[in-house]
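Enquirer: My questions concern the predicted model and sequence given below.
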Amino acid sequence: MKKENCVKQFLSCMLVVFLVYGVCITSSAKSTAAGPGFGEYEHVFIIGVDGAGAAFGITDTPYFDSIFSEYAFRYDASAEDVTISAQNWGSILTGVPYNVHGFTNNSIAATEHDSNTGAHTIFYYARQAFPAAKLASFVNWQPLNYGLVENDLNVEKRAFPDNDPALTAALEAYFAAGNAPKLLFAVLDNPDHIAHKYGGFSDRYYEAVSEADAQIGRIHDAIEAQGLMENSLFIVVADHGETAGGHGGQSPEELSVTVAAVGHNVKQMKLPDGARNRDVAAIALYALGIEQPADFECFDPQVLFGEERWIITPPETPGVPDEPDAPEQPPAPCKWCGEIHSGLFQQIVGFFHSILYFFAHLFGRR
Ligand SMILES: [Zn+2]
Ligand SMILES: [Zn+2]
């Protein structure tokens with residue numbers, strides 16, 4: 001065979017290998033690295049608070065503080081550029097930007113969603129991975145259960161229109177009865193209702209966030225009472241913030257949203273810069289041991305898990321103690337004479353002793 005043909009054959013072989021490799025990469029899941037935390041959780045509970053924005057870091061939220069202060073959180077993670085509910089809950093459940101999933105308040109109220117159309121939510125991936133698992137979605141705003149969470153995945157759906165207390169009580173009863181869903185999505189809505197009535201900077205609004213905080217505390221207690229927190233990841237997330245005149249725009253108040261996660265090996269950290277509310281989709285799947293789908297536009301959730309404490313600048317939260325300083329090491333005794341040389345003169349002596357020690361070692365005398 002001519003050398004030229006050989007080269008041609010080699011190049012075409014390489015081309016085929018390259019193409020096959022490329023197809024494999026693009027059609028498979030995005031993250032193949034299974035680091036700490038991957039699949040280490042039996043349950044993921046996502047508690048959403050509509051309109052809470054960064055208010056968990058502004059007003060009194062003692063339950064949030066006690067649940068998350070030693071774990072991972074951030075008050076100013078980013079919402080979608082369009083700070084409207086369906087756009088953001090859509091992203092939080094699908095892991096893709098609002099203009100990719102296309103859900104709007106009108107669309108999820110008008111069109112029922114099944115898994116054959118539109119973007120898949122994390123319920124779809126959870127159902128694929130766990131065909132017999134209990135999945136649940138308890139919401140105040142019913143369109144989330146109608147037009148967003150797919151209707152053909154056997155997700156237990158309940159709606160509590162305009163009634164966060166009833167939603168909270170129902171979840172308490174649900175856990176007390178021994179239910180332990182693999183994936184739970186629950187969304188409180190009162191802070192957004194109050195913001196629309198009284199404005200996002202009103203006392204009434206901040207009181208509503210504090211009430212939501214107490215409801216989160218009750219839900220967390222109900223989970224803990226069943227001994228489930230040992231192998232569960234508990235997440236709080238907001239869809240958008242509020243202004244005096246509502247939401248939908250791109251002000252910092254509307255774009256800054258709380259994202260928080262607690263679990264047995266979640267680090268004590270501020271979520272990385274650039275963290276978004278839709279990263280919750282990736283965190284949830286990762287914790288359950290499901291590879292991140294290729295179309296997700298989320299951070300790598302590995303960053304949340306491990307044993308480090310305060311690996312990134314701690315968020316400024318009242319009541320969170322600083323890490324204690326390392327205890328001071330006593331000065332080491334001199335290797336030459338065995339004494340501790342303290343004080344200026346003694347340190348000079350110690351310096352010469354260290355030179356003696358060095359040369360003595362060099363010639364093998366000591
Ligand atoms: Zn909303
Ligand atoms: Zn609203």
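Expert: On my side now, so go ahead. Ligands and ions are numbered 1, 2, ... in the order given.

Enquirer: Nearest residue to residue 242 in space, please, no chain neighbours.
Expert: residue 200 (2.7 Å; CB to CB, 6 or more residues apart in numbering). For glycine as for every other residue, the C-beta is placed from the backbone atoms N, C-alpha and C.

Enquirer: Isn't that neighbour up against residue 51?
Expert: Yes - the criterion here is CB atoms under 8 Å, and residue 200 meets it with residue 51 at 7.5 Å.

Enquirer: Find residues that contact each of these two.
Expert: Jointly contacting residue 200 and residue 51 under the rule CB atoms under 8 Å, 6 or more residues apart in numbering are 241-242, 247.

Enquirer: wait, which of those is closest to residue 227?
Expert: residue 241 (35.1 Å; CB to CB).

Enquirer: what's the pLDDT at the residue in the stretch 1-150 of the chain that ligand 1 sits nearest to?
Expert: Ligand 1 sits closest to residue 85 of the stretch 1-150 of the chain, with a gap of 3.0 Å, by CB to the ion. Listed pLDDT for residue 85 reads 98.

Enquirer: what's near enough to touch it?
Expert: For residue 85, the contacting residues are 50-51, 105, 141, 192, 239-240, taking CB under 8 Å, 6+ apart as the criterion.

Enquirer: still on that earlier bit, which of the shared contacts of residue 200 and residue 51 sits closest to residue 146?
Expert: Minimum separation from residue 146 among these (CB to CB) is found for residue 247, which lies at 21.7 Å.

Enquirer: burial of the closest one, as a residue count?
Expert: For residue 247, the count of nearby residues is 26 (other CB atoms under 10 Å).

Enquirer: thinking it is in contact with residue 238, fair?
Expert: No - look at residue 247 against residue 238 with CB under 8 Å: they stay out of range, at 10.9 Å.

Enquirer: Any chance you could list residues touching both of those two?
Expert: Going by CB under 8 Å, 6+ apart, residues that sit against residue 247 and also against residue 238 are residue 51.

Enquirer: these two touch, right, residue 46 and residue 280?
Expert: Yes - contact between residue 46 and residue 280 holds when scored by CB under 8 Å: they sit 6.2 Å apart.

Enquirer: neighbour-wise, which of these two wins?
Expert: Each of residue 46 and residue 280 had its neighbours counted (other CB under 10 Å), and the higher figure belongs to residue 280 (28 against 23).

Enquirer: list the buried ones in whichever strand or helix holds the more buried one?
Expert: Secondary structure here is read from DSSP states H and E; on that basis residue 280 sits in helix 279-287. With burial defined by 16 or more other CB atoms under 10 Å, the residues of helix 279-287 counted as buried are 279-287.

Enquirer: mind putting those in a markdown table, distance to residue 233 included?
Expert: What follows is the buried residues of helix 279-287, written out as a markdown table (distance: CB to CB, whole Å):
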| residue | distance to residue 233 |
| --- | --- |
| 279 | 13 |
| 280 | 10 |
| 281 | 13 |
| 282 | 12 |
| 283 | 7 |
| 284 | 7 |
| 285 | 11 |
| 286 | 9 |
| 287 | 4 |
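
Enquirer: which one among those residues gets closest to ligand 1?
Expert: Ligand 1 has its nearest neighbour among these in residue 280, at 14.8 Å by CB to the ion.

Enquirer: Quick check: the closest one touching residue 92?
Expert: Yes - between residue 280 and residue 92 there is a contact at 5.1 Å, judged by CB under 8 Å.

Enquirer: Now the common contact residues for these two.
Expert: 46, 237.

Enquirer: quick one on the thing from earlier: give me the number of residues near the residue nearest to residue 242?
Expert: Burial measure for residue 200: 24 neighbouring residues, criterion other CB under 10 Å.

Enquirer: Let's see the pLDDT reported for it.
Expert: Reading off the model, residue 200 has pLDDT 96.

Enquirer: now swap in residue 312 and tell me
Expert: The predicted local confidence for residue 312 comes out at a pLDDT of 59.

Enquirer: Would you mind listing what in this protein touches ligand 1?
Expert: Counting by CB under 5 Å from the ion, the chain comes close to ligand 1 at 50-51, 85, 192, 239.

Enquirer: circling back to that earlier point, got any residues that touch both of residue 46 and residue 280?
Expert: Where contact means CB under 8 Å, 6+ apart, the residues bridging residue 46 and residue 280 through contact with each are 92, 235, 237.

Enquirer: Okay, now the unreliable bits of the protein?
Expert: For the chain, applying pLDDT under 70 flags the ranges 1-33, 311-331, 363-366.

Enquirer: need the contact list for the closest residue to residue 63 other than its chain neighbours.
Expert: The shortest distance from residue 63 to any non-neighbouring residue, by CB to CB, 6+ apart, is to residue 217 (3.0 Å). Under the criterion of CB under 8 Å, 6+ apart, the contact partners of residue 217 comprise 62-64, 66-67.

Enquirer: Helices of the stretch 51-200 of the chain, start to end?
Expert: Ranges of helices within the stretch 51-200 of the chain are 62-68, 85-94, 98-101, 105-110, 122-129, 143, 164-176, 190-198, based on DSSP state H, counting those that start in this stretch.

Enquirer: nearest to residue 148, of the buried residues of helix 279-287?
Expert: Within the set of the buried residues of helix 279-287, residue 281 lies nearest residue 148; the separation is 12.3 Å, counting by CB to CB.

Enquirer: Okay, that closest one and residue 157: tell me how far apart.
Expert: Spatial separation of residue 281 from residue 157 under the definition CB to CB, to the nearest Å is 19 Å.
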